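starting from these lines, generate the structure:
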Amino acid sequence: MKSRHTAVVRITHWIHTFGFLALLVSGVAILLAHPRLYWGETGASGSPALIELRLPLNLEQSGWGRSLHFLSAWICVLNGTLYACWGFMRGHFRKNLLPSNSDFHWRPLVNVFSNHRHLRNPGDGYYNVLQRLSYLAVIFLLFPLMISTGLAMSPAIGSVLPVIVTVFGGHQSARTIHFFVTNLLVFFVIIHIAMVSLAGFRNRMRSMITGGVLDVGERT
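This next block holds a predicted model:
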């Protein structure tokens, strides 16, 4: 049995998984209460919308949805901060996620699409260049953008830090950006699950639960 993921990685991964699921469910409930997107500072029923989503209106869902969304968001923020601090202190991002110069040569890039042997051997710690770049983009771009746009939508935060609202062009602009970033994260999760399945779902799940994977000779 080879070790693949540390306890910190496994624990923060699952906390973030369930936290993101709660954010997604509650976010849909909030969106159904007003399925229209605007650009600028204000937007309300009757005013011109930038995008009008074809979703069923349901005003009864916004109460519990907002409460769950707020709670889940802060859990994800604290959990993500812990993971980021640990990752920098232990060199996790540099050693496991930051691509090297050789990753950008033409042969490794071709192997990303033509060779699944690396994916099928989860004990070697290998991530191809596209996986590394996508993980880095999610950790250091999409999640921070989702958090900052979420804060910009809060009137309380906006009154204390008005610059966070100004940067995004207004409360409604932040909400629209928040919506599209969420869609990108959902797309990433779908691709991530597909890659896990291609790599061997059972062994990958074992590594993320127990931290270890079976050697080739140990597999039945």
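
quick one: contacts for Ile15?
Neighbouring residues of Ile15 by CB atoms under 8 Å, 6 or more residues apart in numbering: Ile75, Cys76, Asn79. No exception for glycine: its C-beta is placed from N, CA and C like everyone else's.

isn't the first one right next to Leu21, touching?
Looking back up the chat, that one is Ile75. No - contact criterion CB atoms under 8 Å: Ile75 and Leu21 do not qualify, at 11.5 Å.

give me the more crowded residue out of those two.
Using other CB atoms under 10 Å as the criterion, Ile75 and Leu21 rank with Ile75 on top: 17 against 12.

give the helix, strand or coil label for the more buried one.
Look at Ile75: counting by DSSP: H, G, I helix; E, B strand; the rest coil, its state is helix.

excluding chain neighbours, give the residue nearest to it in space.
Among residues not flanking Ile75 along the chain, Gly19 sits closest, at 4.9 Å (CB to CB, 6 or more residues apart in numbering).

burial check on the one you found, number of neighbours?
Using other CB under 10 Å, Gly19 is surrounded by 21 other residues.

so for the helix or strand containing it, mean pLDDT?
Secondary structure assignment for Gly19, by DSSP states H and E: helix 7-33. For helix 7-33, the mean per-residue pLDDT is 95.

immediately after it, which helix or strand?
Scanning forward in sequence from helix 7-33 by DSSP H and E, the next helix or strand is strand 36-37.
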